[in-house]
Every structure is written in structure tokens, then in C-alpha cells.
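A.B. asks: Sequence below, structure please.
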Amino acid sequence: MLALIAGTGDLPPALVARLPERPLVCALAGFEPAVPVDVTFRLEQLGTFLQDLQKRGVSRICMAGAVRRPQIDPTAIDAATIPLIPKVQAAMAQGDDGALRVIIALLEEAGFSVVAAHEIAPDLLPDVGVLTQAAPEDWHKADAAEGEACVAAMGAADVGQACIVRVGQVLAKEGPDGTDAMLSAFFEPYDPPIADDPLTYVMDLGAAAVETVTKWMSGLQDVPATADDGVLFKAPKPDQDRRADLPLIGPDTAMRAAEAGLSGIVIEAGGVMVLNRSAVVDVLDAQGMFLWVRPKGDA
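C.D. replies: The predicted model follows:
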């Protein structure tokens, strides 16, 4: 029997829809998934929760969806969880990837097999290639290489899985709030305070002129592209245990990338899931943007 420990977001319902039999859906208290929940548990009663899964005949566990680290109430820890506390504390003290490794090891020690979301739904991992009508230009390919190096460095520090790159420059890195938040915050509308601060207005005009010259020198001025012609690059962390927290994109990501003025999205082949692929491609095609499923290390 399969138990799905479901977090927030669109991935848990997508997995449930693809399974021939409905799994036992479990959720950490405070993180209600977009699918009916059978069992809610607290981290302070993790030992009791695992015993309950064993009694129900669960042999496999899949973790999918977003979950933030909860605050632990020491007074709520039950007897069955006390032996697990050192490992729970070790997980809470590490970054996301390190924490998941500890949790996966704990589940395996309890006798469960941990399966990845893409093992349940392999169609979520698209094949290598450009999936849209538009295709990346040479400078986008160079930006993708820069993005790969950036995400590799971020991942080595266990701090993120995505970045925005434009003409060889990393403009933004994914933070704790995720890719969509990075995209939403990146290009916020801004009106220079002309009347209140004329000097600032003049400086803004100067910055715009510098950007125009830079674009002309890079040979991009005649390229028909969206506003800033950058790319979103997304990939898993180096040596990441891909049974949990494999990165993904969906229609919301595509729409936010378009709103940010990017030219396209680049994802690592075999390392990033795509939810509702047809809708993602439709959004990008409508904006003249590309989706490139890029092999790791591609030149």
C-alpha cells in the first residue's frame, strides 16, 4: 500500500489523479494539501504516525508538495517519538536537501520504501528538446550554461534550485519562497519620483541609457524578444536525493516568467518535472517564449 505525504501545491492532486488506486493521503498539520486528507499528523508524534502506517499495511511512501519546517513543541512529543528526536533535530538543523536525506533515512529504517513522484508519474519528466514553437538563440544557450553553474553553486550550499540570467549576468536567485515568488518580485512596476526627486529621475534615465547601449553592443537590439530577454534556469541540486523535492514548473511559472519579461525557460532534462505540460506550452507559445529541456552540461 502506498501512502502519499502531501504538501501544498498542484503536485499531490496530479499524482493522485494518475494512480490506479487512491493512496492513503497524509498531511503534516498546518499544511493542507489540495486533495482530501485521510491522516493528519504532527512532527511531535512522528513515531506514533509511522506505527499507524505500519498497522494500515503501508509499505511505500511518496513525499510530494511544499511543506515548511514547523515549530516543534517539546511538551507535545509522545513516547513513540522520543527515540527519533535526535534524528528529527538533525534534520531541522540542515538545509532542505540535508533534512530530506535524514527524513528518508528515518523512513527506511522504519521499514518503508521511499518512492519518487516521477516514479509514480514518469510523464511528468519531459524528453530532451525544445517543446515550444520558439527556440533559444545562441545567447540564451550561453545564459543557460551560466544558469547551470549558478544553480550548481547554490545547490552545493543547499539554498535553491533556480535563477534568472540575462546576457551572462545572474539577476536573481531562488529563495525560500520558491521560483514563482522570485519571478513575481523581480520585475515590479516602478514609477520614478519625478516631482519629488528630480535627481533620482535623471539617474534612472541614465541607467536606462546604459542598458540600451549594453544591449546594442551585445547584438540584441534587433532580436524580437520579450522585455528583458532573460531566461529562467531550473535544475535539481548536485547529488540531490531525487526521491523528494525534485523541482517542478507549471502554468503559473510560465505566466510569471512571461510577466517578468523573460524569453524562455530552461530546465535540466531528467531533473525537473512539468505539471500540465500542454498548458505550460500554450502559455509560452502565446507569448513567443521557449521551453528548452536541456541535457546537463550541454554546450
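
A.B. asks: Got phi/psi on Ala29?
C.D. replies: Per-residue torsions, Ala29: phi -50, psi 130 (degrees, to the nearest 10).

A.B. asks: Give me the neighbour count for the nearest residue to it once chain neighbours are set aside.
C.D. replies: With Cβ to Cβ, 6 or more residues apart in numbering as the criterion, Ala29 has its nearest non-adjacent residue at 4.9 Å, and that residue is Arg42. All C-beta spots, glycine's among them, are computed from the backbone N, C-alpha and C. Arg42 has 18 neighbours, counted by other Cβ atoms under 10 Å.

A.B. asks: Check the one 4 residues further on too.
C.D. replies: Counted with other Cβ under 10 Å, the burial measure for Leu46 works out to 23 neighbours.

A.B. asks: and what of Leu2?
C.D. replies: Using other Cβ under 10 Å, Leu2 is surrounded by 18 other residues.

A.B. asks: what pLDDT does the residue nearest to it when sequence neighbours are not counted get?
C.D. replies: Closest residue to Leu2 apart from its sequence neighbours, by Cβ to Cβ, 6+ apart: Pro23 at 4.2 Å. Model confidence at Pro23, given as pLDDT, is 96.

A.B. asks: Check Ala29 too.
C.D. replies: Here the pLDDT value assigned to Ala29 is 89.

A.B. asks: who's in contact with the residue nearest in space to the middle of the chain?
C.D. replies: Closest residue to the average C-alpha location of the chain: Pro247 at 4.0 Å, with Cα atoms, centre = their mean. With contacts defined as Cβ atoms under 8 Å, 6 or more residues apart in numbering, the neighbours of Pro247 are Gln161, Ala162, Thr179, Lys234, Ala235, Pro236, Ile267, Gly271, Val272, Met273.

A.B. asks: I'd like the distance between Asp228 and Leu171.
C.D. replies: Distance, Asp228 to Leu171, using Cβ to Cβ, to the nearest Å: 8 Å.

A.B. asks: Same question for Ala29.
C.D. replies: 37 Å.

A.B. asks: What values do phi and psi take at the residue nearest to Asp78 when sequence neighbours are not counted?
C.D. replies: Beyond its immediate neighbours in the sequence, the residue positioned closest to Asp78 (Cβ to Cβ, 6+ apart) is Gln45, lying 5.0 Å away. When quoted as degrees, to the nearest 10, the phi and psi of Gln45 stand at phi -120, psi 30.
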